[in-house]
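J.: below is the sequence, then the predicted model.
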Amino acid sequence: MSDKIDNSSSHSNHLSGKKRKASDGNGSNGYKKRKISNEDEEESIITNTKDSIKMSGRYNYEEDDEDSNIKWKTLEHHGVRFPPFYTPHGIAPLHKGKPLILNPVQEEIATFWAQALGTDFTEKETVRNNFEEEFLAVLDKEMGVKSLNNIDFDPIVKHIEKTREERNNRPREEKKREREENAKLDAHFRYCIIDGEKERVNTVMVEPPGIFRGRGEHPHAGKLKSRILPENVTVNVGLDNMIPKCDVPGHAWKAVVNNPEATWLGQFKDEGREKAGTKYLFLAPDSKIKSKNDIMKYGKAKKLKENIEKIRADYMRRMVSKSMQEAQLGTATYLIDKLALRVGNEKSEDEADTVGCCSLRVEHITIEKDNKITLDFLGKDSMRFHQTIEVHPLAHKAIERFVKGKKPEEDLFHLINASRLNEYLKELMPQLSAKVFRTYNASITLQNELAKYEEKPRDDVEKKVKFYKNANREVAILCNHQKAVPKNFDEQLKRLEDKLKEKKKKLKELQTHKKNLAKDSSISKPKMPKTSNACDTAIKKAKKAMETEEYKVSEKIENKNIALSTSKINYMDPRISVTWCKNNEVPIEKVFEKTLRMKFAWAMSEDLEWKF
DNA sequence: GACGTGACTTAGGATCAGTCAG
DNA sequence: CTGACTGATCCTAAGTCACGTC
């Protein structure tokens, strides 16, 4: 196979596979399907229909107009990687004390379970029931297994532990070699050529089989994810580009399509799981396409900023409308704006019960006195939102009106939904949708917080970075970005606090020593400065060390369950950070790690005067 | 409108790799 | 040299939103 993509950015016309030939015929449902004459195999090439397909298979790119959906003209890549097939270990679990001999398919599934054992996950009733149902279904009837509880997976667990140990204990060299080999394989799939440019691909491997782990109380947690084979995978390739070779022997892609209206290189679906959606393999965040989308996203948020007064006035007006539906639109928009809530699309019974603004139920809200309300619900990823907030008196009144006479399980905003709300937002500003408020509010919060910084000449970079992180934290809190408290948080904190105590003690000692020295300059103590001047220097240093520790402790506490990274990656316009850093002489790498600097390369050279 | 779904962004946790103190 | 810690990267679930269909 050609390695052109791997090691050069030059155009490759020699990617593996066969060059596609001209097309014929029309197909169905959104794609145009064509057969290619070919000696030994049939390949169907599917081309996106919509408008362009009118032109019998070739796009006339010159005619692309502004609002065309075409995302690229040429796209060439090596397809997708598959995880290795399962190698049976032959260890039998015990069924009622007797070895249960499994075939490789059964054994693989038993091993998934054994791998998960020992965690809370496998103790959940839903998980056990789902897994039991699926596992028993693949066992042979004659085995007579009636319950998961009758199977002892311990032999497999032991085996897994042993192999893990062995793998860990391999010589350093061998591990390194394996890593390098893997990196090489990865590199083969890691890049594509899109519109003549070499770009990184974000994900190159399809998901391995295993046990589905939903978040929160997911009704399907514990079900099986089946092995994805090339027959489940569709690849998207430029019409005149090489078709990636399917290098799993004896297998072939489900389809090869030419869909320049989409940016994915590959997509796959676990046909065994009805409710599972299509998964995609996309480009990396530093790619042109992703960057362009990001720029547009922040552009929209900035536009919202310019119109925010007008928009707020509008939804406040609606909030008091006689029409209940209008009032709900206004109030929901108010909450989305004020609390940075997500819009809240409807969800099915087959998902965890989480909500956003439009799907809030009466049971999620408590009306308090003094214009306050308490919101308590599970949002995306089953993250809890629990806050008591003072709202505008009119909002308070409106909410009282919506709640009246409803049962706890009824919708707070029963006359609207996410798409109705977004429709309304479109009237206010073209392209406006609910999520733009989150981007806007995150960005404006960061900017306002950072603007509070008045440089004290003596502030060093460390202090400035601390200030930045505090601003970042405000945004994370606004967006309710949380993380699990680390398992041994208390120990870790204690260790830090001990260290701080030590530094404090050290400082005290130095200070007393200095006083003593002043009384009697002949005093000499081991490891202590000899002169008053030397004391001053040492004290200064010790103070600094103490402050650093102090900061570590407070950061640890303040970030206990707050995730700063999500807002950095997705919400705060990077130009705010870039310009603040430049204006305050903070090296950008102190606040943006390497991947962020790559993702936001487009923002790195922004003018000092730029404002969100 | 309700509903399904395609394509994309957003999300937290797991894992990996490098670092640092003991 | 080792084990704990940390930051970066990987993984994939879970949202949003537009669009087509009925």
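T.: Looks like it came in fine. Numbers count the residues shown, from 1 in each chain, chains lettered A, B, ... in the order given.
J.: please parse chain A into its domains.
T.: Here the domain parsing of chain A from automatic domain parsing is A:1-57+A:67-83+A:191-283, A:94-169, A:320-432, A:445-603.
J.: now tabulate those in CSV and tack on distance to DNA strand C, mean pLDDT and mean neighbour count.
T.: Where C-beta positions appear, they are placed from N, C-alpha and C, glycine not excepted. Formatted as CSV, the domains of chain A follow (distance: least, C-beta to the nearest atom of the strand, whole Å; pLDDT from 0 to 100; neighbours: other C-beta atoms under 10 Å):
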stretch, distance to DNA strand C, mean pLDDT, mean neighbour count
domain A:1-57+A:67-83+A:191-283, 4, 73, 17
domain A:94-169, 10, 91, 15
domain A:320-432, 3, 94, 17
domain A:445-603, 3, 83, 16
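J.: of the ones you listed, which approaches residue A:304 most closely?
T.: Distance to residue A:304, taken as C-beta to C-beta, is lowest for domain A:320-432 among those, at 6.4 Å.
J.: could you tell me the end-to-end distance of that closest one?
T.: Using C-alpha to C-alpha, to the nearest Å, the span of domain A:320-432 from its first residue to its last is 22 Å.
J.: for it, the distance to its chain's centre please.
T.: 25 Å (C-alpha atoms, centre = their mean, to the nearest Å).
J.: relative to residue A:412, how far out is residue A:364?
T.: For residue A:364, the distance to residue A:412 equals 7 Å [C-beta to C-beta, to the nearest Å].
J.: residue A:564 now?
T.: Relative to residue A:412, and taking C-beta to C-beta, residue A:564 is found at 31 Å.
J.: quick one: strands adjacent to the helix or strand in which residue A:385 is found?
T.: Using DSSP states H and E, residue A:385 sits within strand A:384-390. Strands flanking strand A:384-390 in the sheet, each with its direction: strand A:372-378 (antiparallel) (DSSP bridges).
J.: check whether the partner strand comes near DNA strand B.
T.: No: Strand A:372-378 lies apart from DNA strand B when judged by C-beta under 7 Å from any atom of the strand; the minimum separation is 11.4 Å.
J.: again, but for stretch A:310-329
T.: No: Stretch A:310-329 lies out of reach of DNA strand B by C-beta under 7 Å from any atom of the strand, never closer than 10.3 Å.
J.: and the domains of chain A as TSV, adding distance to residue A:184?
T.: Formatted as TSV, those follow (distance: least, C-beta to C-beta, whole Å):
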stretch	distance to residue A:184
domain A:1-57+A:67-83+A:191-283	8
domain A:94-169	20
domain A:320-432	35
domain A:445-603	22
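J.: burial count for the residue in the stretch 251-400 of chain A that DNA strand B sits nearest to?
T.: Nearest to DNA strand B in the stretch 251-400 of chain A, going by C-beta to the nearest atom of the strand, is residue A:293, at a distance of 3.4 Å. For residue A:293, the neighbour count with other C-beta atoms under 10 Å is 13.
J.: list the buried ones in the helix or strand hosting it?
T.: Using DSSP H and E, residue A:293 falls within helix A:288-319. Buried residues in helix A:288-319, counted by 16 or more other C-beta atoms under 10 Å: A:289-291, A:294-295, A:297-298, A:300-305, A:308, A:311, A:314-316, A:318-319.
J.: how close does residue A:561 get to residue A:483?
T.: Remark: distance between residue A:561 and residue A:483 (C-beta to C-beta) = 6 Å.
J.: what do you get for residue A:404?
T.: Residue A:404 is 38 Å from residue A:483, where distance means C-beta to C-beta.
J.: what of residue A:344?
T.: From residue A:344 across to residue A:483, the span is 22 Å (C-beta to C-beta).
J.: what parts of chain A come near DNA strand B?
T.: Checking chain A against DNA strand B by C-beta under 7 Å from any atom of the strand, the hits are A:71, A:179, A:259, A:261-264, A:267, A:277-278, A:280, A:282, A:290, A:293-294, A:297, A:342, A:346, A:348, A:380-381, A:383, A:417, A:419, A:435, A:438-439, A:479-484, A:563, A:566-567, A:570-571.
J.: can you give me the helices for the stretch 101-250 of chain A?
T.: In the stretch 101-250 of chain A, the segments counted as helices under DSSP state H, counting those that start in this stretch are A:104-116, A:125-138, A:154-169, A:172-190.
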